[in-house]
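>>> Test case, fold it:
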Amino acid sequence: MANDLAWPIAILIAWLAGEYGFRWLRLPRISAYAIVGFILASTQLGVLPETQSSPMLLLANLAFGLILFEAGYRINLRWLRINPWIGVTSLAEATLTFVAVYATATAFGLASSTSLLLAALSMASSPAAIVRVINEQRSTGQVTERLLHLSAMNCVLAVFAFKVIVGLIVFKTSGNIWQAVYSSLVVLSVSIILGALLGVVMPALLRAIGRTSHDSTLAFAISVVFLVVLTHHLKLSPVLATLTFGLVARHRRIVLNASQRGFGALGDLLSVVLFVFIAATLSWQQVVAGLGIGCAILAARQITKIAGLGFFAHISGIAWHKGLLIGIALAPISAFVILMLEQTRYLGVDLVDQLAPLAAAALILEIIGPILTQRALIWSREGPESGEG
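Numbers count the residues shown, from 1 in each chain. Predicted structure coming up:
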């Protein structure tokens, strides 16, 4: 009975902490969820059972998938075609981050393969945290839109780089070329194809039954659940599949109105589960062991993101200070990193112990990252400093 009640109790405590933290301290709710998850984890207070079970990973992926669908749905390809400098900015900033983190990791004496994996994951910014903070702040404007687009593009670039490096590591250790190719190129390609296919089929189905307005959100939520379960079962990438689904669905001219963003109560509930789960996967021993290297990696990552966005700001059509604010707002990374590592473990490649420095970085940014995003939106005057969330 204690095991059955552990997660519901943790979710209730996290939700209460999020509401009071937001109301009293103006903290993003997901930061409070993370604090509760870390404290109650099996390696800390021991309230929660082991979090590496397949059902909990699947549930976290469902939550992540709903948010990634929304992130993909809000990407405007026409805007990217009109202003290609946004794509150039993302590629340049992500590459600069990769190089800086790789150099930092090797300077601390880490193995080349470990440094490459750390660098690939550090390229990303987690759309999960960013979308939740944007919805919570109800922010709109130039910084908000660029933040959404850049976080989604960084996420895709990081997935590609990470999968390719994992494929190379698999080939180096096993010598099996098919297993290496499947771990990288096949997984990437099939995940994108499945997401695109569902993005075409579902809008067509909604039109056929005449439910393109008020019921579209429910249909998309069911579709995301189906897509995540399918990719999880086939050991593909739910990240790429759901992002692609959202991107293609948007351009099939099916509209989600503002009140349906975040998938309502279902999205809110799964968000609590997601961020509690993410923090609960971290142990204090890992955090302490990787604190020095983790902080150095965080510094390198944040400096390069701020510098890269600031440098390309004027060229891409915004003021330099807005570029700097976007660089600050791209801080969150934890949800993406932890789920990528857990998915890789599910595939039979355990990289968690090799990437111990990321535990400290993930915990720090799980709490501080959403706060930096929130403050950047407020400083850009695109998010209210107070009000209902």
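
>>> What is the neighbour count of residue 233?
Residue 233 has 9 neighbours, counted by other Cβ atoms under 10 Å. To be clear about C-beta, it is placed using only N, CA and C from the backbone, and glycine gets the same treatment.

>>> Look up phi and psi at it.
phi -70, psi -40 (degrees, to the nearest 10).

>>> longest helix in the protein, by residue count?
helix 142-174 (DSSP state H).

>>> Report the buried residues of that helix.
Within helix 142-174, the residues that count as buried by 16 or more other Cβ atoms under 10 Å are 143-167, 169-171.

>>> try stretch 87-95
Neighbour counts over stretch 87-95 (16+ other Cβ under 10 Å) mark 89, 90, 93, 94 as buried.

>>> Repeat that for stretch 359-370.
359, 360, 361, 362, 363, 364, 365, 366, 367, 369, 370.

>>> From residue 301, how far off is the third one?
Think residue 361. In this view, residue 361 and residue 301 are 8 Å apart by Cβ to Cβ, to the nearest Å.

>>> which residues are common contacts for the two?
residue 333 (Cβ atoms under 8 Å, 6 or more residues apart in numbering).

>>> For residue 340, list the residues it contacts.
Contacts for residue 340 (Cβ under 8 Å, 6+ apart) come out as 121, 158, 159, 162, 239.

>>> got the contact list for stretch 372-383?
So stretch 372-383 is contacted by 26, 28, 129-130, 133-134, 136-144, 147, 322, 325-326, 328-332, 384-385 (Cβ under 8 Å, 6+ apart).

>>> repeat that for 7 Å
The contact list for stretch 372-383 (Cβ atoms under 7 Å, 6 or more residues apart in numbering) reads 28, 129-130, 133, 137, 139-141, 143-144, 322, 325, 328-329, 331-332, 385.

>>> Now which of those would you call buried?
Buried subset of the contacts of stretch 372-383 (neighbour count, 16+ other Cβ under 10 Å): 28, 129-130, 133, 137, 139, 143-144, 322, 325, 328-329, 331-332.

>>> Now go through these and say which are in helices.
129, 130, 133, 137, 143, 144, 322, 325, 328, 329.

>>> By pLDDT, give me the weakest of those residues.
Across those, the bottom pLDDT score, 87, is held by residue 137.

>>> Return the member of the buried residues of stretch 87-95 nearest to residue 223.
Distance to residue 223 across the buried residues of stretch 87-95 (Cβ to Cβ) is lowest for residue 90, with 27.0 Å.
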